[in-house]
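> how would this look folded up:
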Amino acid sequence: MNRREFCHMFPLTGASLAGVVRRPITQAGSAPTGLSPSAASPPFLYILRLAMAPGLREDERVDALLSFCRQAQIDDVAFILWAEELNTGHPTPEEVEPWLRMVERVKPRLAEAGVTTSLNPWVVLLHADRGRVLKPGQSLRLMVDRRGRMASATACPLDPALHNHLRKHYERLAAVRPRIIWVDDDFRLHNHAPLEWGGCFCDLHMQEYSRRAGRRLTREEFASGVLQPGTPHPFRRIWLETSRDTMVNLARILGEAVRRVSPDTLVGLMSSSPAVHSIEGRDWEQVLRGLAAGKPPVNRPHLPSYTETTGPQYLWDFTRVSRLSAASVPPDTLLYPELENWPHSRFSKSRAFTRFQIESAAALGPAGITMDIFDLFGNGAMAQEGYAPILVQAKALAAKLREQKLDPRRETGVEVLFNPDASYSLWTEKGESFSELAPDDSFWAAFFAVMGVAHTYRRYADQKNAVLAISGQYCRGLKESQVRNLLANNITFLNGDAVFTLYKMGLGNAIGVSGAEWVAGDSGIPSYEQVIDGRIYAGLRDARLTAQASTGDYLKIEYAADSPDLLIHTEVRDPSGRRSGPGMAVVRRRIVTLPYGRSASHQGLLHPVRQALVQTLLTELADNRCPLFLANTANVAVFTYELEGRRVILLVNASLDEYQELELRRISWSHEKAVEISSEGSRPLGDRLRAREGGLVLRPGLKPLEVKAIVFPQ
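I've put the predicted structure just below:
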């Protein structure tokens, strides 16, 4: 994935925050008694990623940087080195020195201001060639794609010469004694333009693939086997295991090089889409711990929208990428999400949206945030952009939310099941592209987020008496007995892809399905979806929904004649009103089907009628297991947490609409002592939070792009 296109305080030798006089940080309001979970909560760190060019008006740039750090409450500056426009390929030792000497000149001045120093070298393998070539004396093995095309500068991660180069390189970086060294997301096997997307097939890699296969392989034969449609060929596992081992080994090389020179420096990794990383078999645990080399693992998950998009689209992508990233990494990982506004000015992203990204990142349970808000070619911090006031405001709220320790693993709600190793088991359809190996486990999480239903990501744990949601080919990664137990012992929402997967696995009888076939969304056969259960949804009788506009393809399902307790709530019709097949249905009072899939399109699935129908089904089927949900909202996410001594609700309004009140359904928590945490500070809610018909009503609700939390002491 192209990074421009998607995608507690601890002592540190030479970069310690201990003993440094910190600037006082003004927080909005003071916490009511009993609100804070601990007397000494960890800080929320602002890490500014900044590019300065050696010799380019350094004194002026440093003065501007120091001024910005004071005004914006920056805690750490991560210097971006030889990046993007200033990148000449793999830097030589001679090219490295001017950059690091510049950092060494600036570091003491930052320390005087209470700001630590980190490094963000831009090259491991190299993001893309862009005309760069190897330099005299560089004998690195270059990446080769499946067609035999060789890169001009992007290096193969299996190459011993690259390993030696990077050991020396990272030892020199560590000699600066930075707080963190950030490994950029060219630490990957895919997306190295101009190579065809997906992996390395150089002679060294082909030798390794052949060794593991027990015979000599050609590129064409091996790639075809990896992508074979249907049942995965044994070559698939060879591809994934080789890729996994290659990157884990490289992570250890980098981590050990840093540790030898600067034992207290942390090594963090930028990452992009977890689904894409699955294609190359990423082992999140081993990669992050390899880089950490005994220290806490550190991750910089991608926040979608380098360039400003709509709030609803951001919430959808944030859920599928950022929140899935947080669920994928080891539980002790320090998360510093990456906020960027490429190509780096307010023409790309507004200050208001920047603030929204910082505050909404609370849903990841971050230790802080990294910000790349200025360009990478040497202009430094630009005061006229006016970021400082909004950053101060955002940090006040982010710090208060950080105090609550909102751990994603303590979230409650619908459990959206995911498998980081899904690429081992899923079936390809065409066998043409490595992108076919990307899993699609996250659909329901995004759907529930914009629909205002509390949910969380979970791995398989033999769940019982839970409310689950499964999409894509998740079930192929489980044993038949495991799948049957999940479906028999839980309420489970399935999208069309999940239903079709179960049917093709021979498990249709577990969900009352005797047949299933895909019908193209633009074929004219699925045109609209008609409510046929006689109920009123969103105030409408005989309500309708689209079945052709941005819904994906339609899965025409045949339910077995003897399917017990089959309730078809909607049916799909053609433009003339003729029945094409069943729409949303409930089988055995525990299986809910949404018969669409095979597409990245989703907007047509989002409608007040669909929201009301889904929330009604949750209420009736789940009963006391029903998750909290918001009534009659659009693009407002709710996250619920069961924490020590308290429960917390996090509310994120990703829309430009203001809600004078929010109705929280299916919640019976004692609310008399509830406290609100918002941009206005922390204060008891009192009669602004009232009981209503089995739920609560919050007044006022949410402003556009607002984030707030409600804490319920226990």
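> quickly find the element holding Q548.
Secondary structure assignment for Q548, by DSSP states H and E: no helix or strand.
> typo on my end, V697
strand 695-698.
> mind listing what's buried in that strand?
Using 16 or more other CB atoms under 10 Å as the test for burial, strand 695-698 gives G695, L696, V697, L698. Any C-beta I mention is one placed from the backbone N, CA and C, and that applies to glycine too.
> and this structure, what are its domain boundaries?
As recorded under automatic domain parsing, the domains making up the chain are 45-137+156-190+249-403, 413-451+455-626, 630-713.
> downstream of the longest helix belonging to the chain, the next helix or strand is which one?
Across the chain, the longest stretch assigned as helix under DSSP state H is helix 234-261. Using DSSP H and E, the next helix or strand after helix 234-261 towards the C-terminus is strand 266-271.
> touching the very next helix or strand once past that next one from outside, list them.
Once the chain leaves strand 266-271, the next helix or strand it forms, by DSSP H and E, is helix 274-279. Helix 274-279 is contacted by residues 1, 188, 190-191, 198, 271, 284, 320-321, 324-325, 328, 420-423, 434-435, 437-442 when judged by CB atoms under 8 Å, 6 or more residues apart in numbering.
> re the thing from before, show me what the longest helix of the chain is packed against.
Applying 3 or more CB pairs under 8 Å, 6 or more residues apart in numbering; DSSP states H and E, we find helix 234-261 packed against helix 160-174, strand 180-183, helix 203-213, helix 219-226, strand 266-271, helix 284-292.
> okay if I get those as a markdown table plus distance to G506?
Shown next, in a markdown table, are the helices and strands packed on helix 234-261 (distance: least, CB to CB, whole Å):
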| stretch | distance to G506 |
| --- | --- |
| helix 160-174 | 46 |
| strand 180-183 | 44 |
| helix 203-213 | 29 |
| helix 219-226 | 24 |
| strand 266-271 | 36 |
| helix 284-292 | 32 |
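> got CSV for the ones you listed, with mean pLDDT, mean neighbour count and distance to K395 too?
Output for the helices and strands packed on helix 234-261, formatted as CSV (pLDDT from 0 to 100; neighbours: other CB atoms under 10 Å; distance: least, CB to CB, whole Å):
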stretch, mean pLDDT, mean neighbour count, distance to K395
helix 160-174, 98, 18, 28
strand 180-183, 98, 26, 19
helix 203-213, 98, 16, 45
helix 219-226, 97, 18, 46
strand 266-271, 98, 25, 20
helix 284-292, 98, 22, 26
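> could you say which one of these comes nearest to P304?
Evaluated over the helices and strands packed on helix 234-261, closeness to P304 peaks at strand 266-271, with 12.5 Å, by CB to CB.
> dump that closest one to CSV, restricted to CA.
Taking C-alpha atoms only, strand 266-271 is exported to CSV below (Å, rounded to 0.1, in the frame of the first residue of the first chain):
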residue,chain,number,x,y,z
LEU,A,266,12.9,2.3,21.8
VAL,A,267,12.4,1.1,18.2
GLY,A,268,8.9,1.6,16.8
LEU,A,269,7.2,0.5,13.6
MET,A,270,4.9,2.4,11.3
SER,A,271,2.2,0.2,9.9
